[in-house]
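Undergrad: fold the following, please.
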Amino acid sequence: MTNLPEVITLDNGLRVILEDIPFVRSVSFGIWVKNGSRNEDESTNGISHFIEHMLFKGTKNRSAKDIADVMDEIGGQVNAYTSKEHTCYYTRTLDTHFDIVLDVLSDMFFNSRFDQDDIQKERNVILEEISMYEDTPEDIVHELLQYAVYKAGSLGLSILGTEESIGAFDNKRFKDYMENHYVPESTVIAVAGNLSNCDALRKIRETFGSFKGKSRVLDSALQHYKPAFIKKEKDIEQVHLCLGFPGIAVGTKASYTMATINTILGGGMSSRLFQTIREERGLAYSVYSYHTGFVDTGLFTIYAALNPAQIGDVTELIFKEIHGMISDKINKNQLDKTKEQLKSNYILSLESVASRMNSIGRNLLMLDKVITADELIQNIDKVDLDTFYDLYEKVFKIDQVSLSIVGSTDFELNRG
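TA: Predicted structure coming up:
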């Protein structure tokens, strides 16, 4: 059995969460920072993602190659990512190499050089990343939807930034931004795996205990979903579209109800949208739905990739399935099967040290709490038909629908 995660707050406000899993021989270590593109504005757009890249480009003690060589020598994995609301730097290694990854990641975190030549090289890399992204319409259409419904606030900003914004970043901008946003109160250290011989807490306290920040950065302004239509003309064979509806904030009790709604409507191959549009009618190569929760808002998205000639039929079928869930309500047996599917998916997804570290780190950072597997199962079990349809009818209102399209089509959505 695993022990329950232990949360410790250091004197400087930094939170550490440890989960000992004694029957494995690996450890996953993560540094989580509550900072992403929603903490930026137009002038700093993309700086969080750029900083994430730069932390791998060398420190006062190691070159970029040294960092790669150290991790390769121990057969370890090191990576990072930036989202709208947080950034994570993480490793996975054998438990005997904990000291090495602690030293490497903390060195990157505290001592990165931000050399001007390296900045220019990485700027070119990110410009290529933006170009690659622009050549991927199935990615653009999702970003366009978020831009459209949240364009009044920072959630509408791209994680990558723009050519103009990233062209203005230099050593001083990076260091100033980190000093103001990479602060102890907004950071979590998460470790999961075999901690029996690591003495992890003492070593983390010694390494991060002197971590200081100017002051805690206030959260960005509240964001609100606003219905919007947006289209990007692109000369491609398919049309990619997203229909958007107002979702819910991450971590609320309704999150489990939202997960059941998504699973039944478009969350997999057995979902209503997939079975009707792809399997029965063959009208779209890809069709699915998903929910994105932020700290204060949410977005439910339905995506389809299809022939431009089929766009009217497909959108009509999507709305038919949405309305059909109300006119032809699911029964308790169908709901129970979906709940069992969700529980299995959630629990099976947590059976590696990397996924455990991700779960405890993200939950503590974004929700200020840790959700155990037992609590998760209990919360899913609490979903009933009343809570299902109460939320369903709040989400799927025709006057709240948004639309993003990438491709070549004259299609206009009829709200009627």
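
Undergrad: got the residue ranges for the strands in this protein?
TA: Under the criterion DSSP state E, the chain carries strands at the ranges 6-9, 15-20, 26-33, 77-82, 87-94, 187-193, 229-233, 239-246, 286-293, 298-306, 402-407.

Undergrad: adding distance to residue 71 and mean neighbour count, write the ones you listed out as TSV.
TA: Where you see a C-beta, it was placed from the backbone N, CA and C, and this is true even at glycine. Converted to TSV, the strands of the chain look like this (distance: least, CB to CB, whole Å; neighbours: other CB atoms under 10 Å):
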stretch	distance to residue 71	mean neighbour count
strand 6-9	27	14
strand 15-20	22	21
strand 26-33	12	25
strand 77-82	5	17
strand 87-94	7	22
strand 187-193	16	28
strand 229-233	39	15
strand 239-246	37	24
strand 286-293	31	19
strand 298-306	35	23
strand 402-407	38	24
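
Undergrad: so for residue 62, which of those sits nearest?
TA: strand 77-82 (12.1 Å; CB to CB).

Undergrad: quick one: that closest one to strand 87-94, angle?
TA: On the basis of axes from the mean of the first three to the mean of the last three CA atoms, to 10 degrees, strand 77-82 is oriented at 160 degrees to strand 87-94.

Undergrad: so for strand 77-82, mean pLDDT?
TA: In this model, strand 77-82 has an average pLDDT of 97.

Undergrad: any idea how far that strand is from the chain center?
TA: Between the centre of strand 77-82 and the centre of its chain there are 13 Å (CA atoms, centre = their mean, to the nearest Å).

Undergrad: in its sheet, what does it sit against?
TA: Next to strand 77-82 in the sheet, as set by DSSP bridges, lie strand 87-94 (antiparallel).

Undergrad: dump the partner strand to PDB, keeping only the CA atoms.
TA: Only the C-alpha atoms of strand 87-94 are listed here, as PDB (Å, rounded to 0.1, in the frame of the first residue of the first chain):
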ATOM      1  CA  THR A  87       4.500  25.700 -15.400                       C
ATOM      2  CA  CYS A  88       6.000  22.400 -14.400                       C
ATOM      3  CA  TYR A  89       9.600  21.100 -14.500                       C
ATOM      4  CA  TYR A  90       9.800  17.400 -13.800                       C
ATOM      5  CA  THR A  91      12.100  14.300 -13.800                       C
ATOM      6  CA  ARG A  92      11.700  10.600 -13.500                       C
ATOM      7  CA  THR A  93      14.600   8.400 -12.300                       C
ATOM      8  CA  LEU A  94      15.600   5.500 -10.200                       C
END
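
Undergrad: who's in contact with the residue nearest the centre of the chain?
TA: For the chain, the residue sitting closest to the mean C-alpha position, by CA atoms, centre = their mean, is residue 83 at 5.4 Å. With contacts defined as CB atoms under 8 Å, 6 or more residues apart in numbering, the neighbours of residue 83 are 36-37, 159.

Undergrad: related to what we said a few turns ago, distance to residue 318 for the strands of the chain - can I get that in CSV?
TA: Below are the strands of the chain laid out as CSV (distance: least, CB to CB, whole Å):
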stretch, distance to residue 318
strand 6-9, 43
strand 15-20, 41
strand 26-33, 36
strand 77-82, 31
strand 87-94, 34
strand 187-193, 39
strand 229-233, 15
strand 239-246, 6
strand 286-293, 8
strand 298-306, 6
strand 402-407, 11
